[in-house]
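Asks: Quick one: sequence plus predicted model below, questions after.
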Amino acid sequence: MSSLECLIDRLRGTTMTAFTGAGMSTAAGIPDYRGPQGVWTMNPAAAKLSRVSHYRDDPELRKRIWLDRLANPLYRARPTSGHYRLQGLAHSGQVLGVVTQNVDGLHRLDDSASYPLVEIHGCINETRCLRCGDVAPMTQALTRIFDGDPDPRCQASVGGRRCDGILTSNTVTFGEPVPPEKIEKAQQMIAQANALLVLGSTLSVNPAARLVAYALDSGKLVAVVNQGPTRYDTRGVHKLDIDCQDFLGALESITTQ
Ligand SMILES: [Zn+2]
């Protein structure tokens, strides 16, 4: 039996929570930001620019970032076959939900398709107000940029007046903590399943690493599917060094037999 067949055999009939990282979205043409070869790792200046304090204090920087958002192909990326295969596995009851490090929103699929989802670093398809916390669709802000507003402000009503706070992408950037309620939701999802299936993450940063430790400490079967080494390869996980899209194809074909 190959290592792929062996792992699929171990997962047969078990309930799983999936945990996805950058490797899940590379097939959609999205660069890896936080991995060892990631955009931010290789270019610390880009990471610094993403800090929320710089963004809040510098209107010229905000205008540049809004124009970048308007032009960014990331907003036109489409879910991969793997994103949809997870939906099939969720419908069959084998995958209870997905926890993702990715901010691309691709696990949201479309209006007619979905599965329980925790986006621990947020999602670029939404804006968040730095003053009142209001969350709104990113398309609203991008439409205003397109119509000539270089730095769109929050339109939520606070105490009967327009908030007018600074809007940013509803994502966790350098200098910001992951909201604790998201970690709690992710842990609840992991606790409900027999196994944790990691797809395309090197598990080199928190909270990814911490969530895998939580699953191992809870006695869960942990399967890690990633091309290249991960931080947990020698820590009692079932590691498979293949592309996570190929793995999901194989897993789906066996579970639908
Ligand atoms: Zn606001």
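Replies: That came through fine. Numbering: from 1, shown residues only.

Asks: where do the strands sit along this protein?
Replies: For the chain, applying DSSP state E gives strands covering 16-20, 95-100, 117-119, 122-129, 135-137, 157-158, 161-162, 167-171, 195-199, 221-225, 238-240.

Asks: With respect to burial, which of the ones you listed scores highest?
Replies: Highest mean neighbour count of those: strand 16-20, a mean of 27 (counted as mean count of other C-beta atoms under 10 Å). All C-beta spots, glycine's among them, are computed from the backbone N, C-alpha and C.

Asks: neighbouring strands for that strand, and are they parallel or not?
Replies: strand 95-100 (parallel), strand 195-199 (parallel) (DSSP bridges).

Asks: any idea of the mean pLDDT in the shortest one?
Replies: Taken as a whole, strand 195-199 has a mean pLDDT of 97.

Asks: could you check the angle strand 221-225 makes with it?
Replies: Orientation check (axes from the mean of the first three to the mean of the last three C-alpha atoms, to 10 degrees): strand 195-199 against strand 221-225 gives 10 degrees.

Asks: thinking again about what came up before, export the strands of the chain to TSV and tack on distance to the ion?
Replies: TSV is the format used below for the strands of the chain (distance: least, C-beta to the ion, whole Å):
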stretch	distance to the ion
strand 16-20	31
strand 95-100	26
strand 117-119	21
strand 122-129	3
strand 135-137	9
strand 157-158	6
strand 161-162	9
strand 167-171	8
strand 195-199	35
strand 221-225	40
strand 238-240	45
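
Asks: quick one, which of those is nearest to residue 182?
Replies: strand 117-119 (5.8 Å; C-beta to C-beta).

Asks: Parallel or antiparallel, list what pairs with that closest one.
Replies: Paired neighbours of strand 117-119 in the sheet (DSSP bridges): strand 95-100 (parallel).

Asks: For the partner strand, the averaged confidence score.
Replies: Per-residue pLDDT values over strand 95-100 give a mean of 96.

Asks: Run through who's touching that strand.
Replies: Applying C-beta atoms under 8 Å, 6 or more residues apart in numbering, the contact partners of strand 95-100 are 15-21, 24, 86, 89-90, 107, 115-121, 186, 189-190, 192-193, 197, 211.
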